[in-house]
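J.: 3D model of this:
(chains A, B, C and D)
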Protein chains: 2
Amino acid sequence: MDHYLHIIKHCALFQNIREEDLPSLLKCLEATMYSYKKSSYIFSADENISRAGIVLSGSVVIVQEDFWGNRTILTRVEAGSLFGEAFSCIEIQKPPIAVVALTACRILLINYRRIATSCNSACSFHISMIKNMLSILARYNIMLTQKIKHVTRTTTRQKLLSYLSEQAQIAASSVFSISFNRQELADYLAVDRSAMSNELSKMQAEGLIKYNRRNFKLLL
Amino acid sequence: MDHYLHIIKHCALFQNIREEDLPSLLKCLEATMYSYKKSSYIFSADENISRAGIVLSGSVVIVQEDFWGNRTILTRVEAGSLFGEAFSCIEIQKPPIAVVALTACRILLINYRRIATSCNSACSFHISMIKNMLSILARYNIMLTQKIKHVTRTTTRQKLLSYLSEQAQIAASSVFSISFNRQELADYLAVDRSAMSNELSKMQAEGLIKYNRRNFKLLL
DNA sequence: TCATTTTTGTTGTAAAAACAACAGAATTTT
DNA sequence: AAAATTCTGTTGTTTTTACAACAAAAATGA
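T.: Residues are numbered from 1 along each chain as shown, chains lettered A, B, ... in the order given. Model (predicted):
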């Protein structure tokens, strides 16, 4: 675990907490490290999520899956980021999401709830952590709001442009790479992959965009 | 404002705070009451949101609007509930949402940020309020996740069934009323109203549901 | 009460998407 | 290096949707 301390200390949850406090804090959070193979479930839907996870290496996706196995990707989570935090804050019997390893990964599971609910206000880092959590949740909210913005566009083209514009804005450049492959992007935008590939081709033919695999360029 | 104290004290933000502390707390939050006419904007998109709102009477909707005026409803907020809280927690230049009065309403605007960021830990209710905020944000997260579940279904019928099932579950009954009219529901599910009405008719004809206006019954 | 406005349901048409099936390219594994 | 697997693009068909236009019902308000 110590091997990943440089990842952990940069996690948004531990901002404004002194590095020397981290080890005891992690003990307090019952932090335990696990390894997962590609495509394995870290949290599966319909089982109570009582801990939050921090990605130490690799990456995971938060997904919604329906009865027939159709998958929607809510977001991709990279090393250094937190997931499952909302379920650490409130008790939910059947969480509406699952977490799946996109690549082989190492995950630190923590029992955040134990700290937040029985907080001894003498510990200064508890209050720091709760405030960090506020900011993480607020950001996650806004991320979900952005996703809703994309998926509620009426046509596949509009969804793509909405998503690609956001990525260009994040990259602060009209040239950028995306973290999703085609199937994952289709799952994120809730469209059919082949129809989406087809639409991308048309958009390129019309001179709206240029792309090769994960590299894109917006042409106004 | 005192007239609405019974609403305010039940607001999730003020749970575990003694009623006698409320007046000074509200002063601390710079709470100010405003009235809005039906359809007017309480927060408009692209203007910095620095305060959160509590609905005292009437109801509002959180919406996303695109350049062409297409509107998606994120959620409806009733008396006693909070909105705009995510933007009180983190600074955002251009919020992706607007808040519109669905009916004539009275709103209490509060400066939550001032409290959360420069918290004097001597005030016991500050920590209570921050914890309440955590729970509100977590719930809002889950609500957004549910909405994404609905809007990412592929057909209008699936979207309707996904939404109606959730409502039945919330009501704990197969007979229930919904808070949206047809246009609002279409805006929430991101479909065309007339196509949706048409689909509802078909579903009724096929014996899947029975409905009259806002009253629904699921027939398995 | 009557007129006006809002809400809901209905129908037809054109556009778009899902779905399926497949081929070639790229990547990974052996 | 070759084989196997994964990823991406392409095409055609069927289903579904958006859009438009309108009529009836209900709610509002003067």
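J.: quick one: the helix or strand bottoming out on mean pLDDT in chain A near chain B?
T.: Within chain A, no helix or strand scores below helix A:112-117, which has a mean of 77 by mean pLDDT, DSSP states H and E. Yes: contact of helix A:112-117 with chain B (Cβ under 8 Å from any Cβ of the partner chain) involves A:Ala116. Heads up, the C-betas are built off the backbone N, CA and C, glycines and all.
J.: gap between that helix and the chain center?
T.: Distance of helix A:112-117 from its chain centroid, counting by Cα atoms, centre = their mean, to the nearest Å, is 21 Å.
J.: residues contacting the closest residue to A:Ser35 other than its chain neighbours?
T.: Nearest residue to A:Ser35 in three dimensions, chain neighbours excluded: A:Arg106, at 5.4 Å (Cβ to Cβ, 6 or more residues apart in numbering or on different chains). Neighbour list for A:Arg106: A:4, A:33-36, A:55-58 [criterion: Cβ atoms under 8 Å, 6 or more residues apart in numbering or on different chains].
J.: nearest to chain B among the residues you listed?
T.: Relative to chain B, the closest of the contacts of A:Arg106 is A:Val55; by Cβ to the nearest Cβ it sits at 18.4 Å.
J.: hang on, the closest one in a helix?
T.: No: assigned with DSSP: H, G, I helix; E, B strand; the rest coil, A:Val55 falls outside any helix and is strand.
J.: check which helix or strand covers A:Arg76.
T.: In this structure, A:Arg76 sits in strand A:71-77 according to DSSP states H and E.
J.: neighbouring contacts of that strand?
T.: Residues contacting strand A:71-77 (Cβ under 8 Å, 6+ apart): A:55, A:59-65, A:83, A:97, A:99, A:102, A:143-144, A:147, A:179-180, A:184, A:187-188, A:190, B:145, B:148-149, B:152.
J.: filter the residues you listed down to the buried ones.
T.: Neighbour counting over the contacts of strand A:71-77 (16 or more other Cβ atoms under 10 Å in any protein chain shown) leaves A:55, A:59-64, A:83, A:97, A:99, A:102, A:144, A:147, A:180, A:184, A:187-188, A:190, B:145, B:148-149, B:152 as the buried ones.
J.: restrict those to contacts with DNA strand D.
T.: Checked against DNA strand D using Cβ under 7 Å from any atom of the strand, the buried ones among the contacts of strand A:71-77 give no members in range.
J.: so which of those residues belong to strands?
T.: Counting by DSSP state E, the part of the buried ones among the contacts of strand A:71-77 found in strands is A:55, A:60-64, A:83, A:99.
J.: what's the closest of those residues to chain B?
T.: Looking across these and measuring by Cβ to the nearest Cβ, the closest to chain B is A:Gln64, at 5.5 Å.
J.: list the contacts of the closest one.
T.: Neighbouring residues of A:Gln64 by Cβ under 8 Å, 6+ apart: A:45, A:71-72, A:74, A:96-98, B:145, B:148-149, B:152.
J.: packing partners of the least confident helix or strand of chain A?
T.: Applying 3 or more Cβ pairs under 8 Å, 6 or more residues apart in numbering or on different chains; DSSP states H and E, we find helix A:112-117 packed against helix A:85-89, helix A:124-151.
J.: up against DNA strand C, what does chain A have?
T.: A:154-157, A:190-192, A:194-196, A:199, A:213.
J.: apply 6 Å and report the result again.
T.: Contact residues, chain A versus DNA strand C (Cβ under 6 Å from any atom of the strand): A:155-156, A:191-192, A:194-195, A:199.
J.: just the ones of those in strands?
T.: Using DSSP E, no member of those sits in strands.
J.: how about the strand holding A:Arg76, does it reach DNA strand D?
T.: No: judged by Cβ under 6 Å from any atom of the strand, strand A:71-77 stays clear of DNA strand D, getting no closer than 12.8 Å.
J.: what pairs with that strand, parallel or antiparallel?
T.: Strand pairing for strand A:71-77, using DSSP bridges, gives strand A:60-65 (antiparallel).
J.: can you give me the mean pLDDT across the strand it pairs with?
T.: For strand A:60-65, the mean pLDDT works out to 92.
J.: just give me the neighbour total for A:Glu91.
T.: Residues lying near A:Glu91 (other Cβ atoms under 10 Å in any protein chain shown) number 10.
J.: and the residue nearest to A:Ser35, helix, strand or coil?
T.: Criterion first, three-state DSSP; result for A:Arg106: strand.
J.: same list (the helices and strands packed on helix A:112-117) but as TSV, adding mean pLDDT and distance to A:Gln167.
T.: Listed next are the helices and strands packed on helix A:112-117 as TSV, based on pLDDT from 0 to 100; distance: least, Cβ to Cβ, whole Å:
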stretch	mean pLDDT	distance to A:Gln167
helix A:85-89	89	24
helix A:124-151	91	11
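J.: distance to B:Ile8 added to the ones you listed, as JSON lines?
T.: Formatted as JSON lines, these follow (distance: least, Cβ to Cβ, whole Å):
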{"stretch": "helix A:85-89", "distance to B:Ile8": "23"}
{"stretch": "helix A:124-151", "distance to B:Ile8": "21"}
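J.: what angle sits between the strand holding A:Arg76 and helix B:124-151?
T.: For strand A:71-77 against helix B:124-151, the angle between stretch directions is 140 degrees (axes from the mean of the first three to the mean of the last three Cα atoms, to 10 degrees).
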